[in-house]
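Novice: Could you look at this predicted model? Sequence included:
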Amino acid sequence: MSERFMVAVGVLLLSGICGCFSSDRAESDPAAGSTVSSTAGSTVSSAESSSLRMISLSPNITETIFAIGAEAGLVAVTDRCDVPPAARQKPCVGEYGRPNVERVLAFRPTHLLTIERLPADMRQMLENAGIQVVLLRIGNLESMYTMFREVGRLTGRVAEAEQLVQNVQNDFVEARQQIASKFDVPPRLFFELWNDPLTTIGRESYLNDLVTAIGAVNVAAELQPAYPNVSPEKVSEWNPDFILLVYMAALDRTDAESPVVLVSKRIGWRDLRAVRRRHVLDGLPTDILLRPGPRLGKGARAIAERL
């Protein structure tokens with residue numbers, strides 16, 4: 001397996017698109033190295049929110065905290081928390097996926113928010129220090145909305161979190177209307193997240209939900225896994241109307257190679273409907289599309305504009 005592919009997988013993990021949502025209301029799972037907050041399902045008081053000291057380990061959670069105006073309670077982040085720009089001004093507790101526990105403890109947080117389960121020894125240290133670890137994993141689109149709402153409840157900004165959900169959904173509606181004005185039948189899309197192995201979006205991915213929400217069809221929706229590997233022959237069988245190159249990392253290629261040229265080199269793909277009609281789309285906002293968070297609706301609108 002290539003080094004570039006392993007880097008790309010790291011980008012997927014960084015974006016929070018690998019895995020399913022695990023609500024704070026779920027039971028604690030010490031064996032899996034996760035602790036859940038007891039605050040879920042109830043709105044904190046203003047006094048409680050003023051004493052809140054959060055550390056976010058995940059870029060999309062950090063972005064959500066800023067989007068609902070709760071950044072005053074955010075005391076530190078990780079190195080990949082870069083949106084909005086103000087997030088970069090927050091102190092850093094280490095690399096994404098490898099936070100420095102000593103730094104975390106030094107900030108005396110009340111809550112640590114993450115999309116990934118923590119190692120058992122790290123969890124135990126944080127638990128012993130009285131820190132509540134809030135696990136907010138994202139699988140489908142609804143779990144992203146739930147993440148918004150959980151962060152809103154934790155910070156006492158329920159109305160703002162609900163407005164954020166509405167804003168994203170409004171963007172989806174606009175994208176759906178734009179697509180409906182262009183096509184008599186829903187366009188059939190193939191999302192290519194990586195080229196070797198050929199990776200796409202399956203039924204359990206939030207990107208599959210996005211495609212449905214904007215009135216298009218994911219040709220790989222018949223596959224249950226969120227991010228399955230597929231064969232070129234299977235894509236030929238699907239014969240999509242559009243191929244969307246939403247790569248997890250930069251792909252090596254010459255400047256002269258257009259997206260159409262790249263995919264047409266594959267055996268049997270020259271005759272694909274998307275290739276013949278030059279409906280191979282590159283340059284989509286991958287930072288938005290592969291980071292399920294407040295800007296996802298803008299990513300949906302970008303797709304609608306390009307189709």
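Specialist: Structure's in. What do you need? Numbering: from 1, shown residues only.
Novice: May I see the buried residues of stretch 264-273?
Specialist: Buried residues in stretch 264-273, defined by neighbour count with 16 or more other C-beta atoms under 10 Å: Ser264, Arg266, Trp269, Leu272. Every residue, glycine included, has its C-beta placed from N, CA and C.
Novice: what residues are up against the third one?
Specialist: Pointing back at Trp269 there. Pro232, Val235, Ser236, Val263, Val275 (C-beta atoms under 8 Å, 6 or more residues apart in numbering).
Novice: tell me the least confident of the residues you listed?
Specialist: Within the contacts of Trp269, Val263 has the lowest pLDDT, namely 88.
Novice: That one falls within a helix, correct?
Specialist: Yes - assessed by DSSP: H, G, I helix; E, B strand; the rest coil, Val263 belongs to a helix.
Novice: Quick one: neighbours of it, just the number.
Specialist: Other residues near Val263 come to 22 when the count uses other C-beta atoms under 10 Å.
Novice: Do I have it right that it meets Arg276?
Specialist: No - assessed by C-beta atoms under 8 Å, Val263 is found out of contact with Arg276, at 11.4 Å.
Novice: circling back to that earlier point, closest to Lys182 among the contacts of Trp269?
Specialist: Val275 (19.7 Å; C-beta to C-beta).
Novice: And Leu284, how close does it get to Gly299?
Specialist: With distances taken as C-beta to C-beta, to the nearest Å, Leu284 is found 8 Å from Gly299.
Novice: So for those two, which sits in the more crowded spot?
Specialist: A count of neighbours by other C-beta under 10 Å puts Gly299 above the other of Leu284 and Gly299, at 25 against 19.
Novice: any weak-confidence spans in the stretch 1-150 of the chain?
Specialist: Scanning the stretch 1-150 of the chain for pLDDT under 70 picks out the ranges 1-50.
Novice: ranges for the strands of it?
Specialist: For the stretch 1-150 of the chain, the strands defined by DSSP state E, counting those that start in this stretch cover 54-56, 74-76, 94-95, 98-99, 111-114, 132-135.
Novice: show me what contacts Pro267?
Specialist: Not Pro; residue 267 is Ile. Pro232.
Novice: Look up how far Pro285 lies from Val246.
Specialist: Taking C-beta to C-beta, one finds Val246 at 9 Å from Pro285.
Novice: tell me the most buried of the strands of the stretch 1-150 of the chain?
Specialist: When you average the neighbours per residue for each of the strands of the stretch 1-150 of the chain (mean count of other C-beta atoms under 10 Å), strand 54-56 leads with a mean of 28.
Novice: returning to what we had before: which members of the buried residues of stretch 264-273 are positioned in strands?
Specialist: Using DSSP state E, no member of those falls within strands.
Novice: before we move on, the earlier item: more neighbours: Val246 and Pro285, which one.
Specialist: Counted by other C-beta under 10 Å, Val246 and Pro285 do not tie: Val246 has more neighbours, with 20 against 15.
Novice: Surely the more buried one and Leu290 touch.
Specialist: Yes - counting by C-beta under 8 Å, Leu290 is a contact partner of Val246 at 6.8 Å.
Novice: Determine the residues that are contacts of both of these two.
Specialist: Shared contacts of Val246 and Leu290 (C-beta under 8 Å, 6+ apart): Leu193.
Novice: The buried residues of stretch 264-273 in helices, which ones?
Specialist: Taking DSSP state H as the definition of helices, those contribute Ser264.
Novice: In the buried residues of stretch 264-273, which has the lowest confidence score?
Specialist: Ser264 (85).
Novice: Quick one: residues contacting it.
Specialist: Ser264 touches Arg270, Val275, counting by C-beta under 8 Å, 6+ apart.
Novice: Now distance to Asp82 too, for the buried residues of stretch 264-273, in JSON lines please.
Specialist: Below are the buried residues of stretch 264-273 laid out as JSON lines (distance: C-beta to C-beta, whole Å):
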{"residue": "Ser264", "distance to Asp82": "35"}
{"residue": "Arg266", "distance to Asp82": "34"}
{"residue": "Trp269", "distance to Asp82": "35"}
{"residue": "Leu272", "distance to Asp82": "36"}
